[in-house]
Every structure is written in structure tokens, then in C-alpha cells.
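Q: What follows is a protein structure lacking sequence information:
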């Protein structure tokens, strides 16, 4: 079988703007599944630059599943961007030290946990994903969307703030797809079924 090498950073010959993302990531708090690709207009090293406010001392993770498609300029805002929102002031006094260093004693900045992107998710150009968001398997995020709430599997979401445009399939079909979990098949089985996976006849897999 002539199958793309999941461990090859640049799977398209003589084309360096698209990479299998897991092979270029250096930050241990960014976890990426096999065959997920990132396409950038200038340089794929921009991906980690677009993961904003991702500080080691916070420890939150960006987790991206398998077979995802990530367009140029997609931005992930992580928990390091959070400030107090239920206090009199949201100003981060403590980071400046001196007589302000104890301003956060016995307090903590809000955190929404890890950001988790499912499998077979398409993130459109210049989309922004806010901290702690979960995007379900098979979802599509439109260009320039700002995602402030979790996205259900196989949903199409767009706008600012992101809103549901439509479901890609019926609820029954979505349940079947989530049970199918084709992305977890051996790559040889996926390869043998790529024609069916690019059609809409779910009956082929029942």
C-alpha cells in the first residue's frame, strides 16, 4: 500500500506549507494525533506562535485528535490569558512584584481546563478558539469564527460569537458515526475504505 507516512513532517512532495502537525510540535503541552495537518500561508512554525498565553506554570494542554484539518492563522487562546472577572478589579497586580506581589495570596486566576479538539475536525481560516473549549468529532468551524462555547460533534459553527449553522447529519447518523470511530481503525483499513469515507452512504458501514 502507498500510504502517507504519519511521521513525515511534510507529506506533500516539494510543498513546505502543509505539515503533519505532530512532527513539528516542540511544546510538550500540545498533543496532536496522527495525520492531523496544518497549512500555513507562510511558515508552519507559526502554529505554536498562534497558541497564545500558553504558560508552562499553568500546565493547561491543547489536545488535538487525529485527521484534523487546521487552516492558516487559526488561533488558540489558552488559560494564561484569563484575569479575575468577579473581583472589583481584573488588573493583575501581583505579576509586577514589589508591594503588589501578595495581591493574589489565597486566590487564583480562573482556568477553564484543557482545550480539546476531537478527531476529523476542520478549523477554518483565522478561527479563534477560546480557553477550555471542547470541539466534538467531525465538527466544522467556519473562517473567522470565534468559538466561546463547546461545539457538539458533527456540527457546523460560524460567526462571532460562534453559533450553530446546522448539523452535518441527523442525530441517529451522528450516533452511528461516533460509534464507528473510523479514525481509530488501522491505517490499512482506512486506506481500504477511503472511497466510502468520502461518500455519504453510512449504510456502507452498518
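A: Yep, it's here. A quick note: this is a predicted structure, and the numbers were derived from the prediction, not measured.

Q: Run through the helices of the protein in chain order.
A: Under the criterion DSSP state H, the chain contains helices at 46-49, 171-180, 187-192, 194-197.

Q: Could you dump the ones you listed into a markdown table and include mean pLDDT, distance to residue 163 and mean neighbour count?
A: Just so you know, the C-beta spots here come from the backbone N, C-alpha and C atoms, and that holds for glycine as well. As requested, these are exported to a markdown table (pLDDT from 0 to 100; distance: least, Cβ to Cβ, whole Å; neighbours: other Cβ atoms under 10 Å):
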| stretch | mean pLDDT | distance to residue 163 | mean neighbour count |
| --- | --- | --- | --- |
| helix 46-49 | 96 | 26 | 15 |
| helix 171-180 | 95 | 18 | 14 |
| helix 187-192 | 95 | 32 | 13 |
| helix 194-197 | 92 | 28 | 11 |
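
Q: any idea how far the residue nearest in space to the middle of the chain is from residue 35?
A: Here the mean C-alpha position of the chain is nearest to the C-alpha of residue 117 (Cα atoms, centre = their mean), at a distance of 3.9 Å. Distance of residue 117 to residue 35, given as Cβ to Cβ, to the nearest Å: 14 Å.

Q: and if you look at residue 128?
A: Distance, residue 128 to residue 35, using Cβ to Cβ: 24 Å.

Q: What lies in contact with stretch 103-120?
A: 33, 58, 60-68, 76, 78-79, 82-85, 92-94, 123, 129, 131-139, 153, 181-183 (Cβ atoms under 8 Å, 6 or more residues apart in numbering).

Q: And stretch 2-13, by the same measure?
A: With Cβ under 8 Å, 6+ apart as the test, stretch 2-13 has contacts from 16, 18-20, 22-24, 34-35, 37, 187-188, 191.

Q: Could you list the low-confidence segments of the protein?
A: 206 (pLDDT under 70).

Q: what's the burial count for residue 154?
A: When neighbours are defined as other Cβ atoms under 10 Å, residue 154 has 24 of them.

Q: Next up, the contacts around it.
A: Contacts here follow Cβ under 8 Å, 6+ apart; on that basis residue 154 touches 136, 137, 138, 139, 167, 168, 169, 174, 177.

Q: Quick check: the gap between the residue of the chain positioned farthest from its centre and residue 203.
A: Within the chain, the residue lying farthest from the chain centre (Cα atoms, centre = their mean) is residue 99, at 39.7 Å. Taking Cβ to Cβ as the measure, residue 99 falls 70 Å from residue 203.
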